[in-house]
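>>> With the input below, show me the fold.
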Amino acid sequence: MTIEQKGLLQPPGEGTSYWFAQDLYTFKAVGEETGQAYALCEVVIAAQGGGAPPHRHSRENESFYIQEGELEFNLDGQIIIATPGTFLHSPKGQLHQFTNKTSLPAKILVWVTPSGFEKFIAEAGKPANQVISVPPLSPTDLEKILATAPKYGIEIIPPPAELIS
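Predicted coordinates:
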């Protein structure tokens, strides 16, 4: 059997973008374009607390490449300060989290295999073309994220209530 796929080009600044909590996710490749093999997104992580709470994926492996800034990663209890050029891989099932504790945004590439994670972000996030600036994480937003995550095989450990706007 022969599978024909077309090439894919996403010029700088292009892709489908969503605000997810405080961070901007721009998908450069999604499952429909990769034979469901992977999704690739560029994420701008907000300063002073942007990132992802402790969570694990039951379906996907997640890899991270730091392009700009500094993030603190927690991979199953191991704390790693990731700077530009750092690559991290979190296999499915591994509890992980990342946080920007600096005063500047960070930028990373996130590669998820197989694809599917992009559908979670699209459903739980807000299309960036409808929101001009970083929206605050409201209790309603958090409820939507927590309610949507299990549908995509993601377990999220929510932050303490005092951290939510």
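>>> which residues does residue 88 contact?
63, 64, 73, 75, 80, 82 (C-beta atoms under 8 Å, 6 or more residues apart in numbering). In short, each C-beta sits where N, CA and C put it, glycine included.
>>> Check residue 49 too.
Residue 49 sits next to 22, 99, 100, 101, 163 when contact means C-beta under 8 Å, 6+ apart.
>>> same thing but at 7 Å, please
Residue 49 is in contact with 99, 100, counting by C-beta atoms under 7 Å, 6 or more residues apart in numbering.
>>> Against residue 106, how distant is it?
12 Å (C-beta to C-beta, to the nearest Å).
>>> cool, and residue 41?
14 Å.
>>> likewise residue 96?
Distance, residue 96 to residue 106, by C-beta to C-beta: 16 Å.
>>> The two - which one has more neighbours?
Legend: neighbour count by other C-beta atoms under 10 Å for residue 96 and residue 106, higher for residue 106 (26 against 20).
>>> tell me which residues form a beta bridge with that one?
Beta bridges link residue 106 to residue 45, judged by DSSP bridges.
>>> And the pLDDT for it?
On the pLDDT scale, residue 106 is placed at 97.
>>> okay, how far is it across stretch 98-114, tip to tip?
Using C-alpha to C-alpha, to the nearest Å, the end-to-end distance of stretch 98-114 comes to 21 Å.
>>> That stretch: which residues count as buried?
Across stretch 98-114, burial judged by 16 or more other C-beta atoms under 10 Å covers 98, 99, 100, 105, 106, 107, 108, 110, 111, 112, 113, 114.
>>> so residue 121, which of the three states?
Using DSSP: H, G, I helix; E, B strand; the rest coil, the structure places residue 121 in helix.
>>> got the contact list for it?
Shown in contact with residue 121 (C-beta under 7 Å, 6+ apart): 18, 20, 25.
>>> any idea how far residue 44 is from it?
Distance, residue 121 to residue 44, by C-beta to C-beta: 13 Å.
>>> Check residue 109 too.
11 Å.
>>> who's residue 89 bridged to?
Under the criterion used (DSSP bridges), residue 89 bridges to residue 63.
>>> That one: neighbouring residues, count only.
14.
>>> my read: it touches residue 60, true?
No. Using C-beta atoms under 7 Å as the test, residue 89 is too far from residue 60 to be in contact (11.6 Å).
>>> before we move on, back to that, out of the contacts of residue 121, which comes closest to residue 54?
residue 20 (15.9 Å; C-beta to C-beta).
>>> For the closest one, grab the count of nearby residues.
Residue 20: 23 surrounding residues under other C-beta under 10 Å.
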